[in-house]
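Colleague: A structural model of the following input is requested.
(2 chains)
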Amino acid sequence: MIIEAGHFALVLALMVAIIQVVIPLWGASTGRRPLMEVAQPAAVLQFVLVAISFAALLNAYITSDFSVLTVAENSHSTKPMMYKISGLWGNHEGSMLLWVLILTIYGAAVAVFGSGLPPAFRARVLAVHAMIAVGFILFILLTSNPFLRISPAPPDGQGMNPVLQDPGLAFHPPFLYLGYVGFSMAFSFAVAALLEGRVDPAWARWVRPWTLLAWCSLTAGICLGSFWAYYELGWGGWWAWDPVENASFMPWLSGTALLHSAIVVEKRDTLKSWTIFLALLTFALSLVGTFLVRSGVLTSVHAFASDPERGAFILLLLGIMIGGSLVLYAIRAPILQPTGQFAPVSREGALVLNNLLLATATVTVFLGTLYPLFLDAINGPKVSVGAPYYMATFVPLMVPLLVAMAAGPLLTWKRGDLLGVTARLRVIFGVSLAVMVGTSFVTAGKFALAPIGIGLAAWVFLGTMQDLAGRVHLFKGSFSDTLRRLGALPRASWGMTIAHAGVAVALAGMTVSTGWSAEGIQVMKPGEQVVVAGDIWHFDSTAPVSGSNWSGMQAQFSVSDGGGHPFTVLTPSRRTYSLQQMTLAKVAIHTNNLANWYVVVGDPQPQGGWIVRIYWHPLAPWIWYGVLIMAAGGAVSLSDRRLRIGAPVRRPAVAAGNTHAAA
Amino acid sequence: MPRRDYGTPTAPFPRGARPFFLVPIVCFIGLFIVFGLGLRKDPAILPSALIDKPAPSFDLPPLLKDHPGLAQSDLKGKAVLVNFFASWCAPCREEAPVLAGLAASGAVSIYGIDYKDNPASGRKFLEVLGNPYQRVAVDAAGRTAIDFGLYGVPETYIVDAKGSIRYRLPGALTPENLQSDILPRLAALRHQP
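Modeller: Residues are numbered from 1 along each chain as shown, chains lettered A, B, ... in the order given. Sure, this is the predicted structure:
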């Protein structure tokens, strides 16, 4: 009965969401406060109902209730508990319910923490947010119902793809959805602002924490996903420009642009219609990403068409939400007049450049991802788009972005002094150039991107540090003055410094690990050894191992440095999942935070021994550390006191926050 | 710049939307139509003009030193699989174990064509993932792929003993489609060539 209760709770949640759309909007347009106030309890109630529904499904997975169709199709009684739970969102139906759950969490959070918002505006935001919920709960109930029963119930489930049975992937979707769905809040704020026909610095300040939260989660989610691909798929790479990866990367790019342009709205009351557009676009990309990938339209076109009802529903939903909001945008955006003006060379100008480059990069990835679909639709030639395309289009766009990243924060608002900034950056420019030239001597022209990448990483890192040093008057005033300024620096400033430094760290990791990695692929038997990048890998032994739903072999390797001093023992394994008759190679990695030692054991050979692949990836850990540092920077910025107390009154223009402009 | 104060909660709608702000919705409508067309197509039915026709004429150089290249004349005598792959293609990595298993079973000869790829990357790809092919050729310009009517990589063709294309499988080989689509057809060709 619990499952039916979950189903019923979801139907009730739909009713509540419909009420949350109609009554507050009516109240806001007629100016009736009691009607507007319906929105908050409705949002909380909607969350409670969806949570009940989610808990009911979770219970079915935990207790392995195979009379529920999705449980029977995706779970198995011998699966470890963690994967029984993650199995809930490892399939289409369950993942949609997780999606809606997170949507209602955000809605309830705005209802509870949004007391600083004007009542009419809050009512509109929550009403728009509930519209999204209505669409998706309807989608679940009509086409993707996870609460369906099967009779007779099978004795056991069909299990889950072993590749997905991994802690990294178990928690990848919740983070990713926290990010994707979090941008729905920016969307609701943007649509509500369009309905009111008013965008001002206060609006930017309200929307900023939600955008930041979504951005941090998405960054962490992408980081988890990339790390999973690195150690689970066993091919030694960390990004493949796969459509699934691109789907999470596109909202990240436009979300990053949104974070930056919202600063301009907040500080200078301009770039309004562009910022609104980015808010709409980011959520639109999240939707397109979630669904096109979930439905398989990109990877194997089959899944989408095999269920035309579901596909048509998705398309209709996208059409109403994105199309509707863009029509509203076309009507309302022209009245959003900027009050602040600025010269091309200024902090605003630099942020516009940032936005143009990020938006172009988003379009580049979008075209690369959907190009095969476009051509197919017009019966054109069939193509696949791969890494060469992105190396030729995306990477060159990142170069000017990174160059501008160091200079932008040094420019003042309104009118910047390019000569002055150039003069301040000349030492750093010289150092970065020296790094670049030095690197090109080391690589001797073999890997052309390495000098550029490393030079840019040095440039971004040093530029960010110089900006920080300038703000705290390092070496200019007394030491105690510097300390006092350090303490007084707003968290948002710290957030930017940390996030930009994270970009430099990740860039260094990407470049060095791509340029200088070493690998050895050979057939090895226990007792043999091989030298990779100066380290001696000794294949000690093999032993049988088993888990709750797999059995296999585990190999042991001792790794010692050139001098013969052993520094680690690695135990890669091969697991055969009996249910799926699938063998997976489990990678073993040793890291000292500066490099990864990576080994995976491949197929056994007829003449004895195994194919052993050994990689040495210098600075590879920095890729994920860098991305996590970026997310941490976002979190620090999120903790800024100014965001928490909000902006209780709307002011025509805001001059605050320029304290460091003269630095 | 005109400075106007919008102190009222809702500003009046302007009379006409400016063209610039119509760009996003126009782009979206275009996209919507493309998606709609994509939805109406059944991608399982691909244009297969070459089915039951002789394979196009081609002669491609080898990728590896110790394995020969591939030409139209090599496709006669027995039923074989022709598999298009590329080092830059992610699904090709996914299907590599399936191809390796098929090659190890000895059920059929598999010929590979490295499509629009840097030959050095192609060689490294096979070194890392194993080489299931008896012949591996380079189609750097993608010309032969066009003649085959390639949908994208990876893609696998069944060519019969007379050198005619009998079946094409777009996308990655999986244990499932190997069992359901490829192996039964190969068995049928062996019994009634």
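Colleague: Could you use CA atoms for every contact and neighbour count after this?
Modeller: OK.
Colleague: which ones are touching residue A:64?
Modeller: A:71, A:75-77, A:84 (CA atoms under 8 Å, 6 or more residues apart in numbering or on different chains).
Colleague: who in the stretch 51-200 of chain A is up against chain B?
Modeller: Within the stretch 51-200 of chain A, the positions adjacent to chain B are A:195-198 by CA under 8 Å from any CA of the partner chain.
Colleague: Out of these, which is nearest to chain B?
Modeller: If you rank these by distance to chain B using CA to the nearest CA, residue A:196 comes first, at 4.4 Å.
Colleague: how close does that closest one sit to residue A:48?
Modeller: 30 Å (CA to CA, to the nearest Å).
Colleague: cool, residue A:26 as well?
Modeller: For residue A:26, the distance to residue A:48 equals 24 Å [CA to CA].
Colleague: Could you do residue B:99 as well?
Modeller: For residue B:99 relative to residue A:48 (CA to CA), the value is 50 Å.
Colleague: more neighbours, those two?
Modeller: Counted by other CA atoms under 10 Å in any protein chain shown, residue B:99 and residue A:48 do not tie: residue B:99 has more neighbours, with 23 against 18.
Colleague: Tell me the helices and strands packed up against the helix or strand where the more buried one lies.
Modeller: Taking DSSP states H and E as the definition, one finds residue B:99 inside helix B:90-105. Here helix B:90-105 touches helix B:119-129, going by 3 or more CA pairs under 8 Å, 6 or more residues apart in numbering or on different chains; DSSP states H and E.
Colleague: Can you tell me which of the contacts of residue A:64 comes closest to residue A:426?
Modeller: When those are compared for distance to residue A:426 (CA to CA), residue A:84 comes out closest, at 57.1 Å.
Colleague: And the helix or strand where that closest one lies, what's buried?
Modeller: Assessed by DSSP H and E, residue A:84 sits inside helix A:81-86. For helix A:81-86, the neighbour count (16 or more other CA atoms under 10 Å in any protein chain shown) marks A:83-86 as buried.
Colleague: Output stretch A:333-341 as CSV - backbone C-alpha positions only.
Modeller: The C-alpha coordinates for stretch A:333-341 follow below in CSV (Å, rounded to 0.1, in the frame of the first residue of the first chain):
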residue,chain,number,x,y,z
ALA,A,333,12.6,43.0,-22.3
PRO,A,334,12.6,46.2,-24.4
ILE,A,335,11.2,48.2,-21.4
LEU,A,336,14.1,47.2,-19.2
GLN,A,337,16.1,50.4,-19.5
PRO,A,338,19.7,50.6,-18.1
THR,A,339,20.5,53.5,-15.8
GLY,A,340,24.2,52.9,-15.5
GLN,A,341,26.5,53.8,-18.4
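Colleague: List the buried residues of that stretch.
Modeller: A:333-340.
Colleague: pLDDT below threshold where in chain B?
Modeller: B:1-18, B:38-49, B:151, B:192-193 (pLDDT under 70).
Colleague: correct me, but residue A:635 touches residue A:215?
Modeller: No: counting by CA atoms under 8 Å, residue A:635 does not reach residue A:215; the two are 9.4 Å apart.
Colleague: Now do the contacts for residue A:250.
Modeller: Contacts of residue A:250 by CA under 8 Å, 6+ apart are A:282, A:285-286, A:289, A:362, A:365-366.
Colleague: can you redo these as TSV with pLDDT?
Modeller: Formatted as TSV, those follow (pLDDT from 0 to 100):
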residue	pLDDT
A:282	95
A:285	92
A:286	91
A:289	77
A:362	93
A:365	90
A:366	90
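Colleague: so of these, which ones are in helices?
Modeller: Members of the contacts of residue A:250 lying in helices (criterion: DSSP state H): A:282, A:285-286, A:289, A:362, A:365-366.
Colleague: now, which of these sits nearest residue A:133?
Modeller: residue A:286 (14.9 Å).
Colleague: ok, that closest one to residue A:32 distance?
Modeller: 34 Å.
Colleague: Which one of those two is surrounded by more residues?
Modeller: residue A:286 (26 against 15).
Colleague: so how far is the first residue of stretch A:106-122 from its last?
Modeller: This stretch, stretch A:106-122, spans 13 Å end to end (CA to CA).
Colleague: chain center to that stretch: distance?
Modeller: Relative to its chain's centre, stretch A:106-122 lies at 25 Å (CA atoms, centre = their mean, to the nearest Å).
Colleague: Stretch A:478-493 now?
Modeller: From the chain centre to the centre of stretch A:478-493 is a distance of 31 Å (CA atoms, centre = their mean).
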